[in-house]
Every structure is written in C-alpha cells, then in structure tokens.
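The amino acid sequence is not available; the structure is as follows:
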C-alpha cells in the first residue's frame, strides 16, 4: 500500500506512451506521467523510483517527481494562491494546489497571505489536507530535550510574550521577547537552542547557544576575529544590535557580557566605536 502524501520507493512495472506504471501493491498500479519521468530511467521494467504519491483531480492515485514543500505529518509555512467557494488553496510546490478547508481556518485568509499549517490525510477520502489548527497535531508526551540542545524551529505565531515556535516538528516552545535579537516572523525556519524545560512541560527557547560553554565559545570567537583583523574590530558595546548579530550571531546583551569579561581579563580594550586586542 502506497503512503499517500509522502515519498515512496516504487518499482516500475509497465512502460506506456503516456507514462510509467509503478507497483502500488494493494493500491494497484500508480501512473507516473511522462512529464515527471527522470531522463536517466532505463527502458526496461523492474527499476525503482523515489516518487511522491497524491490524488489527482479525479481522486485517483498518481505519482510525481516534483518536490512538495511539505509532506503529510509535517508543518510548513505556505502561500495562499486562491480563495473560492470550496476553500483556501495553498502553493505547496506541486501543480495541484493544497486545500485548506474553511473549517480548518483560524482566521480569514486572502490570496498572497502566508500561513503556518499542518498537513494531514483525511481519514475518509485519503485526500491530502491542510489545517491551521496546529495544537492537536503536536506531541503531548513530555519532551526529552536537554538544556543547550540545538534544535530546528518553525516560527508559528507572534504573542505578547514573544514568538511561539514548533520544535523539531513535534512540540511547542516559546522564544521570549528578550531572546529576540533579529527579525522574526511566522513561517521563518531557524536554528535554536533549548533554554529551559519547566516543571509544567513548557519549553523556553533561545536563538543563541546557552550556558557557560556557549559564553566561552563566544569569547574565543571574538578573540579569533580580532587576530584575523589585525587586532581591531569596528564594533563595540555602543554598536547596533543588528551589526553585532551580523558579525557574531548573538544578542547585544550577550556580546556586551563577553567583551566585558575579556576587558576584565586584560585581553581587549573597549573604545566607543571599536574593540582592540590589548
């Protein structure tokens, strides 16, 4: 049985004038139309192809070598292409757009909007469907992350406290406002770090490494950049946060702590517009 809405490795069983038929086991033969056939496919049967399987406009299984932006079971930020009487249609990288039913909207959407969705398979129709109601598709089991662990984040929603983000396609986390030192918006994918796992299971996130090891790493990075730049850098504790972030990928607060520590150790001199090696 083919996995609808996901990649499958399927065997070629028949060549025709309009495409290849692939073995979908209990789903029967699945067509890969000519326009999606890779140029290097051998002419004989029994070759195996990695294809994405979905339903065509007649609800028949079809295969493609196009690459969707998201598979069933995943979260993604997608652009609204059209809104009509049927529902909201999203651009997910395939020629057939992805349906977001009105019942799965959390707010009204218009063409050109972006929205963070989860993609699931409708149990009754096997149609690939999107929803903006994310909570029920996130893992409710306690997270097993460790403080300081690097994780993949999908920024999902701005709140009064900061930004909610989906961690590793599984759990909610929060990037507090004081941890936001660069531009963020819903839909952005970021590398982040586990800052805290609270007793109630809520997870605090950071966009930069945490802990003493991270501080030591930043100190070493600053000294290395100074040595590579003839002992001086045009950045100081008065510099704009975006300049510091561009150079070192950290917040202005953490940078100030680092150069303050290096100054007290006698390793650098801090000027209004630059830092120098001592």
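Sure, I can see it. This one's a predicted model, so the numbers in the text were calculated from it and none came from an experiment. Numbering: from 1, shown residues only.

which secondary structure element contains residue 39?
For residue 39, there is no enclosing helix or strand under DSSP states H and E.

Compute the number of surrounding residues for it.
4 (other CB atoms under 10 Å). For the C-beta atoms, the positions are set from N, CA and C on the backbone; glycine is no exception.

Next up, the contacts around it.
Residues near residue 39 by CB atoms under 8 Å, 6 or more residues apart in numbering: none.

and the gap between it and residue 65?
Counting by CB to CB, to the nearest Å, the gap from residue 39 to residue 65 is 11 Å.

And residue 20, by the same measure?
For residue 20 relative to residue 65 (CB to CB), the value is 11 Å.

Give me the common contacts of these two.
32, 37, 49.

thought the second one was touching residue 20?
Looking back up the chat, that one is residue 37. Yes - using CB atoms under 8 Å, residue 37 is in contact with residue 20, at 6.0 Å.

Compare these two (neighbour count), which wins?
The residue with more neighbours, out of residue 37 and residue 20, is residue 20; 24 against 17, by other CB under 10 Å.

Wait, a strand at the more buried one?
Yes - using DSSP: H, G, I helix; E, B strand; the rest coil, the secondary structure at residue 20 is a strand.

With adjacent residues omitted, what lies nearest to it?
residue 32 (4.5 Å; CB to CB, 6 or more residues apart in numbering).

Next up, phi/psi of the one you found, please.
phi -110, psi 100 (degrees, to the nearest 10).

Same question for residue 178.
phi -70, psi -10.

Which residues are in contact with it?
Contacts of residue 178 (CB under 8 Å, 6+ apart): residue 253.

swap in the one 3 residues further on?
Listed by CB under 8 Å, 6+ apart, the contact partners of residue 181 are 207-208, 241, 244-245, 250-253.

If we use 10 Å, what do you get?
206-208, 241-242, 244-245, 249-255 (CB atoms under 10 Å, 6 or more residues apart in numbering).
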